[in-house]
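take this sequence and fold it.
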Amino acid sequence: MNDLDRSRMNPFASVSRQTFDEAERQGFPAFVGPVRESSPVNATPYLIRYEDFRTRAAHWPERNELAAALDRVKSHAERLSLVIDAIVIGGSFTELLKPSPKDVDCLMLYRRPGLVEATPANALNELQRSAKEERVDVRFIPIDGDPLILIKCLCYFTVLLSKDKRAKGNWDVRVIRGLMLLDCRS
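Numbers count the residues shown, from 1 in each chain. Purely as a prediction, here's the structure:
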C-alpha cells in the first residue's frame, strides 16, 4: 500500500505527516504552535512511519549511526518473537539543534503474536543491556497486557523522555522537547 492509499484510508496520516514536517523544521518542540491551539493531532508525540524515520534520520546531524543501532535492537527484539508495533523516541536525540546526542532514549511497544510463549524477562534484560552498549537506552513495554499498566508506563516515560535533565530537584520538571512516535506496523 502506498502513501496515497494510506492517507485515503486514514486522513489522520496526512495531517500527521504535515505536523511531523513542521516539528522537524522547528527541532521537535513539545508544541509546534500555541499550546491553546494544540491537540493530539498537532503536538508531541510526532507520528511517522518507521521506514520514513530511517530515511530522514540519515540526514540529521550525528544521528544516522544511532538510528542504525536502534534498527539493530529492533531486529534483535523481533528475533525474540516480539512484534514491535511502535517506538517512542525522546531525549537529546530529538533535539536536532544539539549536534551530538550521546544516545537514543526510547520505548519499544511490543506484543507477542498468537500462541508464542512469553519472552523470558532475562532475555529482555540482556537485550536492554546490550542495546545500551550500542548507545540505545531502551525500555520494553508490552501492549497486549493490562491496559492500566500500559497507560501508567506511557505517561511516566513520556514525562521522563521530554523533561529537561538540567532541572534542579524532583519538583522542577520542565518539558523542553517533543517526542517521536514511530509506527512500525507494516
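
drop to CA atoms for contacts and neighbour counts, all remaining ones
Noted.

strands of the protein, residue ranges please.
Ranges of strands in the chain, per DSSP state E, are 46-49, 83-90, 104-111, 136-142, 180-183.

including mean pLDDT and mean neighbour count, could those go into CSV?
Below are the strands of the chain laid out as CSV (pLDDT from 0 to 100; neighbours: other Cα atoms under 10 Å):
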stretch, mean pLDDT, mean neighbour count
strand 46-49, 94, 22
strand 83-90, 96, 22
strand 104-111, 96, 22
strand 136-142, 96, 19
strand 180-183, 95, 21
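
distance to residue 29 for the ones you listed - can I get that in a markdown table?
Formatted as a markdown table, those follow (distance: least, Cα to Cα, whole Å):
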| stretch | distance to residue 29 |
| --- | --- |
| strand 46-49 | 10 |
| strand 83-90 | 11 |
| strand 104-111 | 16 |
| strand 136-142 | 21 |
| strand 180-183 | 10 |
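
and the residue nearest to residue 80 when sequence neighbours are not counted, what's its pLDDT?
With sequence-adjacent residues excluded and distances taken as Cα to Cα, 6 or more residues apart in numbering, residue 80 is closest to residue 119, at 6.9 Å. For residue 119, the model assigns a pLDDT of 71.

repeat for residue 168
Value for residue 168, per-residue pLDDT: 64.

what of the one 3 residues further on?
Here, the pLDDT recorded for residue 171 equals 61.

can you pull out the helices in the protein?
3-9, 11-26, 50-57, 64-79, 121-133, 147-162 (DSSP state H).

lowest average pLDDT across the ones you listed?
Among the helices of the chain, helix 3-9 has the lowest mean pLDDT, at a mean of 49.

ok, the residue nearest the centre of the chain - contacts?
Closest to where the C-alpha atoms of the chain average out (Cα atoms, centre = their mean) is residue 88, at 1.7 Å. Counting by Cα atoms under 8 Å, 6 or more residues apart in numbering, residue 88 touches 45, 106, 107, 108, 109, 179, 180, 181, 182.

one more pass at 10 Å, please.
Listed by Cα atoms under 10 Å, 6 or more residues apart in numbering, the contact set of residue 88 reads 45-47, 105-109, 138-139, 154, 157-158, 161, 179-183.

nearest residue to residue 142 other than its sequence neighbours?
Per Cα to Cα, 6+ apart, closest to residue 142 is residue 110, 4.9 Å.

ok, residue 131 next?
In this structure, residue 131 finds its nearest non-sequential neighbour in residue 73, 6.2 Å apart by Cα to Cα, 6+ apart.
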